[in-house]
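Novice: Structure, please.
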Amino acid sequence: MMRICEEIDAKGHPLVSATHKTTFEITKEPHLTAAGDCIIGVAASKGISDLSNEFQSSLAHDDAILKTTLICEEYEVVVMSQGSSQLSFTHATDLVWRRSRFVCERTIGIQSDMTALLLPRDLISALKQGARLSISLEVVQQ
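Specialist: Now for the predicted structure:
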């Protein structure tokens, strides 16, 4: 079994609402509008296209598993998703985790067991205050 990891730093924003029922997103963009109800972190250190070639190639398999750990202050959430041979890793700023199997250039994980709406509200409150968010990505390929 092979494990490939990436680390991303981001921060919260006063307009983080995290009410989206099917996705959550991290973006390199520094600002957020009220319409961005899936975005939980801004000013990220990496977009999906910034992930290493090794990480991308290991996640681009239908049997790959993506373990995402979100850490914000004392809160830690683990999100499990699937990789896909359809991932393109071409978007410059965004990373999106999806509950569905839909894939576009921003998608990093599909069939995720977590959405913005399901994230703990204490974690979301900290992000609304602008707290730092650490995102650890680990691909486990069977």
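Novice: For the rest of this, base every contact and every neighbour count on C-alpha atoms.
Specialist: OK.
Novice: For the protein, which segments count as helices?
Specialist: For the chain, the helices defined by DSSP state H cover 53-59, 121-128.
Novice: ok, and which of those helices has the densest surroundings?
Specialist: Neighbour counts (mean count of other C-alpha atoms under 10 Å) averaged over each of the helices of the chain peak at helix 121-128, with a mean of 19.
Novice: avg pLDDT for that helix?
Specialist: The average pLDDT within helix 121-128 is 97.
Novice: thinking again about what came up before, can I get the helices of the chain in a markdown table including distance to residue 94?
Specialist: What follows is these, written out as a markdown table (distance: least, C-alpha to C-alpha, whole Å):
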| stretch | distance to residue 94 |
| --- | --- |
| helix 53-59 | 15 |
| helix 121-128 | 18 |
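Novice: out of these, nearest to residue 76?
Specialist: For the helices of the chain, the distance to residue 76 is smallest for helix 121-128, at 8.2 Å, taking C-alpha to C-alpha.
Novice: Report the distance from the closest one to the chain centre.
Specialist: Once both centres are worked out by C-alpha atoms, centre = their mean, to the nearest Å, helix 121-128 turns out to sit 16 Å from its chain's centre.
Novice: which other helices and strands contact that helix?
Specialist: Helix 121-128 makes packing contacts with strand 39-41, strand 64-72 when contacts are defined by 3 or more C-alpha pairs under 8 Å, 6 or more residues apart in numbering; DSSP states H and E.
Novice: between these, which one is nearest to residue 99?
Specialist: Nearest to residue 99, of all the helices and strands packed on helix 121-128, is strand 64-72, at 12.9 Å by C-alpha to C-alpha.
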